[in-house]
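sequence and predicted structure below; questions after.
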Amino acid sequence: MPVITAAIDPITRIEGHLKVEVKVDTVNGVQQVVDAFSIGTLYRGFEKLLEGRDPRDATLITSRICGVCPTSHAHAASLALDHAFGVGGDTDARSASRLLRNLVHGACYIESAILHFYLLSLPDFVSPLPMAPWLPGWDVGRRLDPETVARFRAHFLDAVAQRRQCHEMGAIYGGKLPHTPAFIMGGFTAVSSADDKALFGQYLEPLIAWIQGTYVPDTERLASLWSEYGLMGKGYGHLLSFGVFEQDNAANPALLLHRGRLVNGSRGVQPVDPSRIREEVKHAWYADTDGHRPILESDTNAQYPKDAAYSWLKAPRYDGDPHEVGSLARMAVTGDYVGGVSVMDRHLARAREALKLGLAMRQWLADLPTGQGAYTHRANPGAATADGLTEAPRGALGHWLQVSDGKISKYQIVTPTCWNLSPRDETGRRGPLEEALIGIPVANVDQPIEVLRVVHSFDPCLDCATHVMRAEPNARVIALGAVPT
């Protein structure tokens, strides 16, 4: 048969705008993906928005990058600013700040995990609710018995309520979620009261019980029913974590989820040196001078059109190698997940991470002092270079900051989705998602649901990758048809 090109554009049930194009051919009697292209379709301009501003603006502006992981960007910016302004020391204020940041950041983490499994990924395997916006949709097969389908659908609705509980819980200290203004240079804006602690606990304990009794078992049930996806979607097998959730006030603190790398499934954790990270742009719509240099020596200059380019995502590489990031990477590097690298391993690791985090939040809440301020003042240094390395729910997140004459002169952000969904690099190697799609069987090229299952397992967030667009003159809006009643 001739090679068939199938494009899913846009990918739905993700954050932001993504196109995935696959080439399908018959190999050894199996119709499967033989090539893949991950295409970010919009340009991100947040780095440019920050230039010339007061450094302290970074936490508020970057938290608007994404509504699902706003605390991740606020936290990364806070860490970069703390380093740049010289905030340090083992003080009561810094302890309160660390605990408050962890609690609000943790609330967003758990909310994101619940969102991803039940609302974004589960409809790839289970017939969704027979109503808009889940219809019209693709045929996901009839593998599950009616009782199992009813169970998942009921938990789907439960998940909507649990997400709301996470946001309400985080807003106790964050003021509001998403886009809390509470993360600031030098600390956090909240001062906890005894009533705040009690209320936070009233949200947290039922949430832990639901994760333990519903979310984790549901991922295990799905993995057992679709066991072939425990062997599919590996990609390169290189895993990278910056680590997250500081456990003390040291300059290099212990982290609940560790920093490190695993290479092609090996169990020996290797260190992470940020200076060995490069962003390549040969196949991205950016000027060639923007890439393959240390992060703060590169830039963000759009170049469209451009020969050989096909995505607005840059291509981060560590020592020249593509790396997968996310819950699976964090849990594997920390030693809490010892499975493989696959579609189902990503779902299983994410659920177990949510439980681990919920239990850690219980202890952080117990340790949080009442009536203790959480801010440490430092004067603007005038000139500084710093980074803030942390983790968003979707993986390794880095903010790089340069201050000159008291203003931001350079700001660069490397997001998890750029790691996972990057285009090819200068040597022609695919990004992690592109590689993970190779060999995936496709029963119906008109409805490649198998491709969606792999894509969604990475939990793409193109909000983190893209932000600015301009409609073409005389653009047409095409209706896809009426929703069945």
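Done, it's in. Numbers count the residues shown, from 1 in each chain.

where does pLDDT dip in the stretch 351-485 of the chain?
463-485 (pLDDT under 70).

the strands in it, which residues?
384-392, 395-404, 407-414 (DSSP state E, counting those that start in this stretch).

so which of these is the most packed in?
Counting by mean count of other C-beta atoms under 10 Å, strand 395-404 has the highest mean neighbour count of those, with a mean of 25. Just so you know, the C-beta spots here come from the backbone N, C-alpha and C atoms, and that holds for glycine as well.

what comes up buried for stretch 455-464?
Residues of stretch 455-464 classed as buried by neighbour count (16 or more other C-beta atoms under 10 Å): 455, 456, 457, 458, 459, 460, 461, 462, 463, 464.

mind exporting the C-alpha coordinates of it to PDB?
What follows is stretch 455-464, C-alpha atoms only, in PDB (Å, rounded to 0.1, in the frame of the first residue of the first chain):
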ATOM      1  CA  VAL A 455      -0.100  11.900  22.500                       C
ATOM      2  CA  HIS A 456      -2.400  12.400  25.500                       C
ATOM      3  CA  SER A 457      -0.200  10.200  27.700                       C
ATOM      4  CA  PHE A 458       2.400  13.000  27.600                       C
ATOM      5  CA  ASP A 459      -0.200  15.500  28.800                       C
ATOM      6  CA  PRO A 460       0.800  18.200  26.200                       C
ATOM      7  CA  CYS A 461       0.300  21.800  27.300                       C
ATOM      8  CA  LEU A 462       0.700  24.100  24.300                       C
ATOM      9  CA  ASP A 463      -0.300  27.000  26.400                       C
ATOM     10  CA  CYS A 464       3.200  26.800  27.900                       C
END
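
hang on, the earlier thing: just the closest of the buried residues of stretch 455-464 to residue 309, please.
Nearest to residue 309 among the buried residues of stretch 455-464: residue 462, at 16.9 Å, using C-beta to C-beta.

residue 447 - how many residues pack around it?
16 (other C-beta atoms under 10 Å).

oh, that last question was meant for residue 199, not what I typed.
Quick note: residue 199 (other C-beta under 10 Å) scores 14 neighbours.

re earlier: I'd like the strands of the stretch 351-485 of the chain as a markdown table, with distance to residue 184 appended.
Formatted as a markdown table, the strands of the stretch 351-485 of the chain follow (distance: least, C-beta to C-beta, whole Å):
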| stretch | distance to residue 184 |
| --- | --- |
| strand 384-392 | 13 |
| strand 395-404 | 15 |
| strand 407-414 | 16 |
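
can you tell me which of the buried residues of stretch 455-464 is nearest residue 135?
Distances from residue 135 to the buried residues of stretch 455-464, taken by C-beta to C-beta, are shortest for residue 456, at 17.9 Å.

can you pull the pLDDT of the residue lying closest to residue 137 once chain neighbours are set aside?
Nearest non-adjacent residue to residue 137, counting by C-beta to C-beta, 6 or more residues apart in numbering: residue 128, 6.1 Å away. You'll see residue 128 listed with a pLDDT of 72.

no further questions, thank you.
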